[in-house]
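K.L.:
return a 3D structure for these sequence lines:
(chains A and B)
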Amino acid sequence: MAEIASFFERELAPKRLLFWIFWLGSHAGLFAYGFIKQRDDPELSNLTAIGLSVTMSRGAGLCLAYDGALILLPVCRNIIRYLRLTFLNKLIPFDENIWFHRQVAYSMLIFTLIHTFSHYINFIRAEELKIKEAWAIHYLAPGGQTGHIMLLIMALMYTSAHRSIRQQSFETFWYTHHLAFIFMMCLYTHAVGCFVRTNIQLGPQRCKGYFSWEFTIWGGIIYFFERVLREVRSRQPTQITKVINHPSKAIEIHFSKPSFKYKAGQYLFLNVPKVSKLQWHPFTITSAPDDPYVSVHIRQVGDFTNELAEVLGCNIPTEKGYIPKELPLLRIDGPFGTPAEDVFNNEIAILVGCGIGVTPFASILKNIWYQHKNSRPSKLRRVEFFWICRDTGSFEWFQSLLKTLEATQLEEGFLKFHIYLTSKLRESTIQNIVINDVSSSYDPLTDLESRTHYGRPNFGDVFLRLKRAIESGRYLPGTDRNLKTNVGVYYCGPSTLAKSLKVEVNKANSEGIKFSFHKEHF
Amino acid sequence: MGQLIWNQWARLISLTAGVFQLIGGLFAFFYRYSMFKAVIDINFLFNPFNYLAIICTVTGLIIIALELPLPFLKDTFLVRSFIPRILLYVPISFVSVFNYQNVNPALYLFIGTLMYLTAAIKGETNRVNNTLRSKV
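P.N.:
Predicted structure coming up:
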């Protein structure tokens, strides 16, 4: 029951509800328009004679043209990036582009079923009415041929885009999805040969279809320019300046690309032609805009990352290390994603990272540090950083960053770390903690001054204590208690925790102390 | 990112084909037609029952039952191994071609069968591997 309740709560939230009304309404409206126009048009009476199935297929056809025009727009990531900078960002949540892409695909599937099954009936009726033989319409007419090709492509694309395949083998999904090129070509030429003709008894016969390609093709043209833009941007001169081989199989690549301008918290797509000409992989930028280089941290977890490490000479275990004669060519597309700039609009920022979801915060933390160091004016007074992870072993590189940040604290208590370990510890590790934890001033596991917590954080409690501290004036000395305090909670990690965290944030929200929740997208 | 597990994809495609097969079979009860002229004229295929429609409907249900798989089929040899499916799907897709609406499902099923064949050759097992660790 709780699941159903939360489903309705999510889907009927004002913004989402507005979208559903627009989305379902526009489809229902187009369907009805196509349906009625076919039914009441005296010039098309020869087709309407076939029956209800014709009006159905015409209505669904109009919806399909609408979806076909829209489907490519949300995947134009470069264009969306520019649009995000405009005022439109307040009206349209551009970060949900892939979600929208999926919604278009779902409605496309539904109307494809209506359209196709209607046509199966149409063609039988057409044969009965001695218009044309059904098999000939299916396999000889251009409309039938392109339709069947599109159906096959849809079967392949939809199945390979299923989450299980996407997570197992992204490449399969990625390459199969490029069948979309053939699909779109078929979509634009689906009406070739024109089967929606006016009644010959009412004067000279002419074509009276939707001529939908005239507007569906614009989606394709925009997407074409998007791909050209990607190509141009990725060909700007890029030079690897440094490769650092971290323990636990993490590599850090520094590169310089003068044309590359980014903000903290964004990500980029990386392509190494020597490893694979076609594969583009997303990585979070871990350097701050003030750094003289751009850096990404790459963990060797899959085929691509392993091979990349091989090419960079990171997998050769020698004492001195190994320097490859020639560093491979690097191609970068980006940056993408929401810059976490609005962190600075809060008095207090609470950053919550989960496992690998901590990577965008590397850049954000660095950026905060730079801002603070150069004493650029910002509202930000306090930063609380939460890191929840199973084991720190695989994120040693991040630890070293935290250590530098902690060591170079400019102002007492400005930046606070809370590290939570959720995994079961081995007995020897526990012994190690017991022995070392008591006397030393550094935590035995993370080597930070802040102590590691074990288990999951209770955010309800954390927020409550924070609120009390702010109200009593202990937390932000010198702040007038009557003034509004903004607390921004920034989260990056799995969606299950995001939901519960959001609930806690909403609970903690009050008149004087405003809590707001922001989620990073990947 | 790992290797493609062929039987995963094959299952999804076969499931799609199964649903279409079922719809096409049901459709055939109302419209007796085939893409092949000769088939429509074979009288015993449709008398006293529409055998072609029955075959398509039942095979559609069988495919869905095998691919989901239904609880009573779980962990049986039929579901665990790919060979029975390959042997079953080839004749199904061959017969389905002769029914009007089942040409496309037959094609998808054949593609699914080829994928299962690839899976069998590569020696994949049907066990869902839970090696994808949660990232928390």
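
K.L.:
name the SS class of the closest residue to residue A:211 other than its chain neighbours, please.
P.N.:
Leaving aside its sequence neighbours, residue A:211 sits nearest to residue A:191 (CB to CB, 6 or more residues apart in numbering or on different chains; 7.3 Å). (C-beta placed from N, C-alpha, C; glycine too.) Assigned state for residue A:191: coil (three-state reduction, DSSP: H, G, I helix; E, B strand; the rest coil).

K.L.:
can you pull the contacts of residue A:191?
P.N.:
A:143, A:209, A:210, A:211, A:212, A:213 (CB atoms under 8 Å, 6 or more residues apart in numbering or on different chains).

K.L.:
pull the most distant pair out of those residues.
P.N.:
A:143 and A:211 (13.8 Å; CB to CB).

K.L.:
could you check which of these two has the larger neighbour count?
P.N.:
residue A:143 (20 against 13; other CB atoms under 10 Å in any protein chain shown).

K.L.:
what's the helix or strand harbouring the more buried one packed up against?
P.N.:
Taking DSSP states H and E as the definition, residue A:143 sits inside helix A:142-160. Packed against helix A:142-160 by the contact rule (3 or more CB pairs under 8 Å, 6 or more residues apart in numbering or on different chains; DSSP states H and E) you find helix A:97-128, helix A:134-139, helix A:170-177, helix A:180-188, helix B:6-30, helix B:103-121.

K.L.:
the first one to helix B:103-121, inter-axis angle?
P.N.:
Looking back up the chat, that one is helix A:97-128. On the basis of axes from the mean of the first three to the mean of the last three CA atoms, to 10 degrees, helix A:97-128 is oriented at 130 degrees to helix B:103-121.

K.L.:
close to chain B, is helix A:97-128?
P.N.:
Yes. Looking at helix A:97-128 against chain B by CB under 8 Å from any CB of the partner chain, the contacts come from A:117, A:120, A:121, A:124.

K.L.:
just send the residues you listed back as CSV, with neighbour count too.
P.N.:
Output for these, formatted as CSV (neighbours: other CB atoms under 10 Å in any protein chain shown):
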residue, neighbour count
A:117, 19
A:120, 20
A:121, 21
A:124, 21
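
K.L.:
could you dump the residues you listed to TSV with pLDDT?
P.N.:
Converted to TSV, those look like this (pLDDT from 0 to 100):
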residue	pLDDT
A:117	92
A:120	92
A:121	91
A:124	89
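
K.L.:
export those to JSON lines and tack on distance to residue B:22?
P.N.:
Converted to JSON lines, these look like this (distance: CB to CB, whole Å):
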{"residue": "A:117", "distance to residue B:22": "13"}
{"residue": "A:120", "distance to residue B:22": "15"}
{"residue": "A:121", "distance to residue B:22": "17"}
{"residue": "A:124", "distance to residue B:22": "19"}
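
K.L.:
which SS class is residue A:209?
P.N.:
coil.

K.L.:
ok, now which ones touch it?
P.N.:
Contacts of residue A:209 (CB under 8 Å, 6+ apart): A:191, A:194, A:195, A:196.

K.L.:
so what's the closest residue to residue A:509 other than its chain neighbours bridging to?
P.N.:
Leaving out its chain neighbours, the residue that sits closest to residue A:509 by CB to CB, 6+ apart is residue A:515, at 4.5 Å. Beta bridges link residue A:515 to residue A:487 when assigned by DSSP bridges.

K.L.:
where does the prediction get shaky in chain B?
P.N.:
By pLDDT under 70, the low-scoring segments of chain B are B:1-2, B:126-136.

K.L.:
please tell me the pLDDT value assigned to residue A:111.
P.N.:
Residue A:111 carries a pLDDT value of 96.

K.L.:
got a list of what it touches?
P.N.:
Contacts of residue A:111 (CB under 8 Å, 6+ apart): A:27, A:31, A:60, A:63, A:64, A:67.
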